[in-house]
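Participant: fold the following.
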Amino acid sequence: MVASVSSNTSEKLTVWCALWAGGIIGPYFLKNDEGHNVTVNGDRYRAMITNFFTPELNNHGVQELWFQQDGTTCHTARATIDLLKDTFGDRLISRFGPVNWPLRSCDLTPLDYFLWGYVKSLVYADKPQTLDHLEDNIRRVVADIRPQMLEKVIEIWTSRLDYIRASRGSPMPEIIFEM
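Facilitator: All right, here's what the predicted structure looks like:
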């Protein structure tokens, strides 16, 4: 998941994280060869997958992982989907992937309904004035997320999926998801 966050300036950071039952991989900040902050594109996304994410999965001993992503163009470019299919096989949930993730689908993933809101609620508490300060805050907040919290997040995610299956995809107006 990629989210852009900004300090009190007009400059921005683009940060990516993966969340799995055993923890969080990242944050990964997108930067060019000179170390300047950049936005995500297909080449940068694929480089991050190849040079950061896949080695991190191997370092954590994660196997048989399902990988889910949204339908952003750089995520669903043919070269990206081919790379992800090579890495995850049939365990890819993505637009144009073996398990299709539909356009404009609701934000059911823990990254969408938990991680980014939680991180943003804490990283701005001390009103960072520089991008370095903001980046440090993001690293600290992500590192401080405990496994027990992630277990609860995954439990809530599972209940959301169960509800959607039972309701055959209908809206969820009466469901309140709390942490």
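Participant: C-alpha from now on. contacts and neighbour counts both.
Facilitator: Will do.
Participant: buried ones in the lengthiest helix in the chain, by neighbour count?
Facilitator: Across the chain, the longest stretch assigned as helix under DSSP state H is helix 147-167. Buried positions in helix 147-167, judged by neighbour count with 16 or more other Cα atoms under 10 Å: 150, 153-154, 156-157, 160, 163.
Participant: swap in stretch 16-32?
Facilitator: Neighbour-count burial for stretch 16-32, counted by 16+ other Cα under 10 Å, picks out 16-20, 23-31.
Participant: now stretch 60-75
Facilitator: Taking 16+ other Cα under 10 Å as the criterion, stretch 60-75 shows 67-71, 74-75 as buried.
Participant: what segments of this protein are helices?
Facilitator: Assigned by DSSP H, the helices in the chain fall at 42-48, 54-60, 73-76, 78-88, 110, 116-123, 131-143, 147-167.
Participant: residue 11 is nearest to which of those helices?
Facilitator: Within the helices of the chain, the stretch nearest residue 11 is helix 131-143; the backing value is 7.5 Å (Cα to Cα).
Participant: show residues contacting the closest one.
Facilitator: Under the criterion Cα atoms under 8 Å, 6 or more residues apart in numbering, residues 6-7, 11-13, 24, 26-27, 119, 122-124, 128 lie in contact with helix 131-143.
Participant: one step back: in JSON lines, list the buried residues of helix 147-167 along with distance to residue 96.
Facilitator: As requested, the buried residues of helix 147-167 are exported to JSON lines (distance: Cα to Cα, whole Å):
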{"residue": "150", "distance to residue 96": "29"}
{"residue": "153", "distance to residue 96": "27"}
{"residue": "154", "distance to residue 96": "25"}
{"residue": "156", "distance to residue 96": "27"}
{"residue": "157", "distance to residue 96": "23"}
{"residue": "160", "distance to residue 96": "23"}
{"residue": "163", "distance to residue 96": "25"}
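Participant: quick one on the thing from earlier: so which of the buried residues of stretch 60-75 is the closest to residue 99?
Facilitator: Distances from residue 99 to the buried residues of stretch 60-75, taken by Cα to Cα, are shortest for residue 68, at 9.1 Å.
Participant: that closest one pairs with what?
Facilitator: residue 93 (DSSP bridges).
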